[in-house]
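Trainee: quick one, fold the following:
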Amino acid sequence: MTSRKASGETRDDARVVGLQVPVGEPASRPEGPAEPVVEPRATAADGVQTDAGPTQDQAAETERTGGDFAAEVTAEPVRPAGFGLVAWLRWGWRTLTSMRTALILLFLFAVASVPGSILPQRNISPEKVTKYFTDSPGLAAWLDRLYLFDVFHAPWFAAIYLLLFVSLVGCVLPRSLAHYRELRRKPPAAPRNLSRLPRHAAFQGRAEVADVAARLRRKGYRVATGPDWVAGEKGYLRETGNLLFHIALIGILLAVGTGTLYGYRGNVLVVEGDGFANTVAAYDRYVPGPRVNAESLEPFSFTLEDFQATYQTAGEHQGQALDYWARLRVTDRPGAPERVHDLRVNEPLNVNGTQTYLLNHGYAPVVKITDGDGQVAYDGPVPCLPADQRTLTSECVVKVPDARPRQLGFLTRFLPSTAPAQGGGYVSVFPAAVNPTMQVWAFSGDLGLDDGRPQSVYQLDTDKLKPLVMQSAPLLPGQSLTLPDGAGTIAFTGVKEWISLQITYDPGRMPALASAVVAVVALVLSLMVRRRRVWVRVSRPDGDAEGTGTARIEVGGLSRTEGNAGFTEEFDEIVTTLRDRFAVAPAKE
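Mentor: Prediction:
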């Protein structure tokens, strides 16, 4: 139909809003019963006589959607009627790479990440996971079966991740190729009847097609010309931004995958005065990527020299932590000079891309245990897990398998700021170590460390142990408690603090950041830029082949996206510019 070519309404001009169908490409059909194909309909705007002429709004809508063919190609994939393998595979691929599926997978990906931010994760806070098992063993067991303490390493999370990656790639690549072809295509020819477009103006003047085209080019329009018309199109950055946004999402997924393969993370608890060397054996928990070995670790080390914390001392939020920091003496590599680094929550230690983050802190009372034979069986700090984050009341476990004549086990409660409770007993009223004390529960017997079963250092199984002391009076630093039956003594000699650290190496961290920045910029482009078209027709009187007389200059405009307020101002500016330059008589609308 030549009239459709003249108006620019061809199948190549169809616009598709959706990831499943490339712009400018007819939708491929799965095997099975074919859908009826709706042919594009000519309209009066194309200069073709129809039985029932469309209204102005119908003509504008036809121009906006690219004809009825656009509605055809945006249809959802149709399930094949037959049961052929190829037909089902084709239908499955089209379903997976559709916009609807991509959005569903993106939503599932976000929902699946929620438990990782609500529940403690083993690779971040193993001590909190241990406490969860202590407080709610039944619920914790079920959560562990569902991988909710290791969300980002769960098989179901990996399945969502891979499906989302495949879906985005299958969506974006065809659209990118189609968009590239669209960028190379010239703007469509001017419709025969410009007055039926949503924006229209006309005036008398003298103008050449080349001069009008030059004016539109100065305003950033891509221009195509004909014998008596100029077509200009602008706003391709909208689709470019849309594609870049999805490509950036793929970049983020690739960066996460790269970090998983070539990165590692580990957790370690360090007490004041102790050190750490970045070796596999030094970690309390170590999670390497499949492509990581022991030689991949950066050979740095450090010593925890001091830890300081400040708290709110009055008001409604009394006891809330204001700031805490750890002073480290760091050696970047063997033989390198030592340097001092103040480690804070949002200021990690960086050694050649390996990040050390400060996660948590607590107390480690120093105890000295003498057994029944008078030998020192244990002397050192005991890291305690906070039972109350508001006051840092902490619980500790001490196992002394070398004690003689019987093994000893202790449950202790550390109170940083001890005060008598109203109903009896003692409580901590402030998280800082203002008046530290320690209460002791002592047991003797077989600790079960020789039967080969793994045990947590933060738990003591007392079922097979003999109670010696059940909740002693609070011990002040320097005081000791004598155990009955000649079992020995336990002395509270001082207080230290511990910090928990996460040490990570993630080569995908910076690519993920760059992809996120690109995604934000691309999203702004896709939301702010509008697709619009402008046509100018220079109609000369019959017999004025040389163009010396006055011509009728018509300008038509169409916004191809919702919201025409901005385009109205732009169109009026274009008309004003052309009228000021070419008009020779008052405009005749």
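Trainee: now L89: how far from V169?
Mentor: 17 Å (Cβ to Cβ, to the nearest Å). All C-beta spots, glycine's among them, are computed from the backbone N, C-alpha and C.
Trainee: should've said E316
Mentor: From E316 to V169 the distance is 52 Å (Cβ to Cβ).
Trainee: the two: who's more crowded?
Mentor: The neighbour count for E316 versus V169, taken as other Cβ atoms under 10 Å, is higher for V169 (15 against 6).
Trainee: in a helix, that one, correct?
Mentor: Yes - counting by DSSP: H, G, I helix; E, B strand; the rest coil, V169 falls inside a helix.
Trainee: per-residue pLDDT of it, please?
Mentor: If you check V169, the pLDDT there is 89.
Trainee: for it, what are its contacts?
Mentor: With contact taken as Cβ atoms under 8 Å, 6 or more residues apart in numbering, V169 is in contact with I250.
Trainee: let's see that with 10 Å instead.
Mentor: Residues near V169 by Cβ atoms under 10 Å, 6 or more residues apart in numbering: 97, 246-247, 250, 253.
Trainee: and the helices in the chain?
Mentor: 2-7, 56-65, 68-73, 85-96, 99-118, 126-135, 137-145, 155-184, 209-218, 237-262, 509-528, 565-582 (DSSP state H).
Trainee: pick out the shakiest of those helices, pLDDT-wise.
Mentor: Among the helices of the chain, helix 68-73 scores lowest, at a mean of 35.
Trainee: poorly predicted segments of the stretch 351-500 of the chain, please.
Mentor: Within the stretch 351-500 of the chain, the ranges that satisfy pLDDT under 70 run 452.
Trainee: now the strands: where do they sit in it?
Mentor: 354-371, 376-381, 385-388, 393-400, 408-415, 418-420, 426-428, 437-444, 466-469, 480-483, 488-505 (DSSP state E, counting those that start in this stretch).
Trainee: need those in CSV with distance to V111 and mean neighbour count, can you?
Mentor: Compiled in CSV, the strands of the stretch 351-500 of the chain are given as follows (distance: least, Cβ to Cβ, whole Å; neighbours: other Cβ atoms under 10 Å):
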stretch, distance to V111, mean neighbour count
strand 354-371, 25, 21
strand 376-381, 42, 16
strand 385-388, 30, 17
strand 393-400, 35, 20
strand 408-415, 39, 24
strand 418-420, 45, 15
strand 426-428, 39, 19
strand 437-444, 44, 23
strand 466-469, 48, 16
strand 480-483, 52, 17
strand 488-505, 25, 21
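Trainee: quick one, what contacts the nearest residue to D228 once chain neighbours are set aside?
Mentor: Nearest residue to D228, sequence neighbours excluded (Cβ to Cβ, 6 or more residues apart in numbering): V538, at 5.3 Å. If you count contacts by Cβ under 10 Å, 6+ apart, V538 has them with 205-209, 211-212, 227-230, 547, 551-554, 582.
Trainee: one more pass at 7 Å, please.
Mentor: Going by Cβ atoms under 7 Å, 6 or more residues apart in numbering, V538 touches 207, 209, 212, 228, 551, 553.
Trainee: write a PyMOL command that selects only the buried members of the residues you listed.
Mentor: In PyMOL, a selection of the buried entries from the contacts of V538 looks like this (16 or more other Cβ atoms under 10 Å):
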select buried, resi 207+209+212+551+553
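Trainee: quick check: of the contacts of V538, which lies closest to F149?
Mentor: For those, the closest approach to F149 (Cβ to Cβ) belongs to V212, at 68.3 Å.
Trainee: measure that closest one to V538 for me?
Mentor: Per Cβ to Cβ, V212 is found 7 Å from V538.
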